[in-house]
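>>> Fold the stuff below for me.
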Amino acid sequence: MFVKTEARGKILIISLYVDDLIFTSNDACLIEEFKCSMKSEFGMMDLRKMRYFLGVEVLQSSNGIHLCQKKYTKDVLDRFGMRECNSVKKSHSVWFKADKRRWGEESQCNSVQTISW
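Okay, the predicted model is just below:
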């Protein structure tokens with residue numbers, strides 16, 4: 001993970017995993033500058049807002065960013081032939097929601113985006 005901070009609280013957070021690069025910022029100009037810089041240096045494609053990453057489904061809306069591992073969990077159960085096994089009541093929600101009401105205004109980000117090469 002890489003973090004770039006600038007004046008007036010602007011921040012760009014970048015995470016690289018194998019051939020996937022995800023990033024977020026609280027400043028649209030920082031996002032555009034970063035995308036242009038990466039595209040000029042490497043053969044990359046902008047996939048826009050992230051929808052799925054490392055087994056986690058990502059839904060982004062004006063209400064916040066929602067994370068879910070439902071598909072990943074089903075894939076694991078299928079892999080081990082356990083899809084039809086007896087289940088127990090879930091002890092937690094399969095969704096995680098990050099929003100500014102819960103985490104504070106300073107943690108709000110516009111979107112999480114992906115670039116792939």
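
>>> Go ahead and report the secondary structure state at the closest residue to residue 68 other than its chain neighbours.
The spatially closest residue to residue 68, leaving aside those adjacent along the chain, is residue 57, at 4.5 Å (C-beta to C-beta, 6 or more residues apart in numbering). To be clear about C-beta, it is placed using only N, CA and C from the backbone, and glycine gets the same treatment. Recorded secondary structure, residue 57: strand (DSSP: H, G, I helix; E, B strand; the rest coil).

>>> Residue 57: neighbouring residues, count only.
A count of neighbours around residue 57, defined by other C-beta atoms under 10 Å, yields 17.

>>> State the mean pLDDT of the longest helix seen in the chain.
Longest helix of the chain, by residue count under DSSP state H: helix 28-41. What helix 28-41 shows for mean pLDDT is 90.

>>> hmm, back to that, from what I see, the residue nearest to residue 68 and residue 73 are in contact.
No. In terms of C-beta atoms under 8 Å, residue 57 does not count as a neighbour of residue 73; the distance is 10.7 Å.

>>> need the contact list for the nearest residue to residue 1 once chain neighbours are set aside.
With C-beta to C-beta, 6+ apart as the criterion, residue 1 has its nearest non-adjacent residue at 4.9 Å, and that residue is residue 15. Neighbour list for residue 15: 1-2, 21-23 [criterion: C-beta atoms under 8 Å, 6 or more residues apart in numbering].
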